[in-house]
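Asks: okay, predicted coordinates and the sequence, questions at the end:
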Amino acid sequence: MGSVNCHTALHNNMALVYGDLMKICEYDCWFQAWGTQHIPASLVAMLENVTIEEQGEIMGWTGAELRRGLRRGFGISQKAGPKETRVGTIGHLNTALNLALPPQKPEGFVIQVTDDRIIIAGQDPQGALYGAYRLLALLRLGGISPGTRIAEAPAGSHRIINHWDNLDGTVERGYAGNSLFYKDNRIDFDPQRIEDYARLLASVGINRISINNANVRKAAKKLITETYLPDVAKLAAIFRPFGIRLLLSINFASPYLLGEVSTADPLDPAVQDWWKARSEVIYRYIPDLAGFVVKADSEFEPGPFQYGRTHAQGANMLAAALKPHGGEVIWRCFVYNCTQDWRDPSIDRAKAAYDHFMPLDGGFDQNVLLQIKFGPYDFQVREPVSPLFGRLSKTRHIMELQITQEYTGQQIDLCYLPWIWEDIMNFDTAYRPASTIRELLGPSIEGLAGVSNVGLDQNWTGHTLAQANLYGYGRLGWDPNLSAQKIAEEWSLLTFGESDAAQTVTKLLMKSYPVYEGYNAPFGVCFMVNPGSHYGPNPEGYEFSKWGTYHRADRQSIGVDRGPTGTGYTEHYSPQKAGLFRDPSRCPEELILFFHRLRYDYRMKNNETLIQNIYNAHFEGYEAVEAMRNDWMGLKGKLDETVYTSVLSRLEQQLENAREWRDVINTYFWRKTGIPDAKGRLVYG
Ligand code: GCV
């Protein structure tokens, strides 16, 4: 890819694979220089002669990207010849070449291969761009030959990356270095790096990016002023040809924080006028801005509650300002009481988003989308899917996932997130016949927003294998029917080539999530982490805090009764789901402590007690990390040394972490309950 050079030889497409050893450029992610060896000569002749049929920024860029990908990925340069590749829109190509390609959904494409021609036909220019990237990937993955016909379209219209980047250059919950966009309270970026980033995102179907933290504190509120907008416009210009539109996180209190109006009350005409005027200015600089992301009345961010207004009133006021420009309000539902009293068992944080937003269903304007975290808490290692999905029926909405590994190992521990995302996709809301999240994505859930895991680190994601999470996020948002296994295989092959490494990496990725869960917080117990950093074990770190995240362990029992006799949270689900969650014998065991308060001698399905299962999970989790580390060490000499060493050092650190988790959590429970481990493994009494 770009400015950060790995290996000149690699970029010149020379000596990529020698013996078993694949030369990896971490920076290039899933765009390694693959060489032509996998591509039949007949296809090469077609790929050497690419014609772009139409004009326009994205279409022009599609041609540039395709030719560039062919050259850098496969060493294929352009020259005239009898065979060809034609790229355009379906409508145009049908007429120009007398084809009968069927129309696709927006942003969809058809790839068709005959004996002498490859057609990449997008429903629109953006579809053509996605078709070009898909072709490049398939040339490496296999599956392209004369006779191939592929038609694809994205499931959801909104495929968003959320950056939690601050203007001072730090990244909230960022584990891969500082921000790509900011430094010292200025917008400061390397244009080549941004272009390379945009390429990575567009190649997996991302079409929107919010570039600043949802916590819009300090200088960030000024991003919407003319001090910053010219530079925001420069960023937008880099993302634009990739079909990626910018979103800006805004501070709801901006009218008075910027000293221009004495209030931010959404029903005050002066405030409404202020946002309208501000939007006019913003759109003068960025005419295709996708809109605003808003975190309001959430973790000390201001919002409409301060003025006794509802969230619908707050969001609709902004929506009115954006509407003339085609912008949307992405309104986050992460609203809960973060100053609650642990002594009061009646408040259940898990109920908050539903309680706040369900009564407002139907009250939001058409250009408002609610952004709902996948679970009712906050990206814990295991949570049930939020009951708002499937239930909201009159409000546009999207699902928020976290690609950055805040509670899942902070890009030190290997934790392959598509594994749990597949589980989320499988969740059946049970409201109507086709009601799994996978089926709702598109028709009802209009897309995904994922919190970015990238930063200025040379390999983008800190842990090289965490690139699989970024890749997987995009692929799943495009096609929720893809399995985690399939995504892992694709990513491993694209990154490591056909090698022992690719196979080992796929296996490690697929193991990693349940392993992490085992030594971390099994059975849906949640939040046994150090407050603030959210890293490392601390069984009572949040037990007596204001954040509302308790497991209430005593010497006999643990967990929260969220059934009708407890907090009543289960009743937010459809009757079928509520019935399942209410009953400990039917509740999925991975969530049993989320829904139930159980005695430690409760018998689990394996006929061992709950406490014994907790002990086992932590001991076995540690052992599994050791096995993962050893599997990786088996790749020594078979893999690029830089990648081998950097991943190994993280696996070593993960083993240390797993040991800490195992011993802190298990010792905590042993001391608390006095119940020994049946297998005699506890020694730190
Ligand atoms: C952007 C969690 C994180 C915060 C984050 C917040 C959110 O609480 O710890 O860092 O703030 O979620 O999603 O708004």
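Replies: Thanks, I have the structure now.
Asks: what segments of the stretch 251-400 of the chain are helices?
Replies: 254-257, 269-285, 311-322, 352-357 (DSSP state H, counting those that start in this stretch).
Asks: looking at these, which is closest to Trp30?
Replies: Closest to Trp30 of those, according to Cβ to Cβ: helix 269-285, at 32.7 Å. Using the backbone N, CA and C atoms, a C-beta is placed for each residue, glycine as well.
Asks: who's in contact with the closest one?
Replies: When contacts are defined by Cβ atoms under 8 Å, 6 or more residues apart in numbering, helix 269-285 is touched by residues 224, 226, 229-230, 232-233, 236, 248, 254-255, 260-261, 263-266, 289, 317-318, 320-322, 324-325, 327.
Asks: report the buried members of those.
Replies: 224, 229, 232-233, 236, 248, 254-255, 261, 264-266, 289, 317-318, 320-322, 325, 327 (16 or more other Cβ atoms under 10 Å).
Asks: near the ligand too, which of these?
Replies: Contacts with the ligand within those, counted by Cβ under 6 Å from any ligand atom: none were found.
Asks: where does Ala33 land in three-state SS?
Replies: coil (DSSP: H, G, I helix; E, B strand; the rest coil).
Asks: that one against Ile76, yeah?
Replies: No - Ala33 is not in contact with Ile76 according to Cβ atoms under 8 Å; the separation is 11.5 Å.
Asks: who has more neighbours out of the two?
Replies: The neighbour comparison of Ala33 against Ile76 (other Cβ atoms under 10 Å) goes to Ala33, with 25 against 22.
Asks: pLDDT score for the more buried one?
Replies: Per-residue confidence (pLDDT) for Ala33: 92.
Asks: likewise Gln55?
Replies: Reported pLDDT for Gln55: 95.
Asks: dihedrals phi and psi, it?
Replies: Main-chain torsions, Gln55, degrees, to the nearest 10: phi -90, psi 180.
Asks: neighbours of it, how many?
Replies: 8.
Asks: repeat for the one 4 residues further on
Replies: Met59: 22 surrounding residues under other Cβ under 10 Å.
Asks: from now on call the first residue 681
Replies: Understood, numbering begins at 681; the last thing we discussed is Met739.
Asks: assign the closest residue to the ligand within the stretch 1131-1280 of the chain to helix, strand or coil.
Replies: When scored by Cβ to the nearest ligand atom, the stretch 1131-1280 of the chain has His1214 as its residue closest to the ligand, at 6.3 Å. With three-state DSSP as the basis, His1214 sits in coil.
Asks: tally of neighbours for it?
Replies: Neighbour tally, His1214, other Cβ under 10 Å: 19.
Asks: same check on Ser757?
Replies: Ser757 is flanked by 11 other residues according to other Cβ under 10 Å.
Asks: same deal with the one 10 residues further on?
Replies: Under the neighbour criterion other Cβ under 10 Å, Val767 is assigned a count of 26.
Asks: and it, that one's in a strand?
Replies: Yes - assessed with three-state DSSP, Val767 lies in a strand.
Asks: got a pLDDT number for it?
Replies: At Val767, the model reports a pLDDT of 98.
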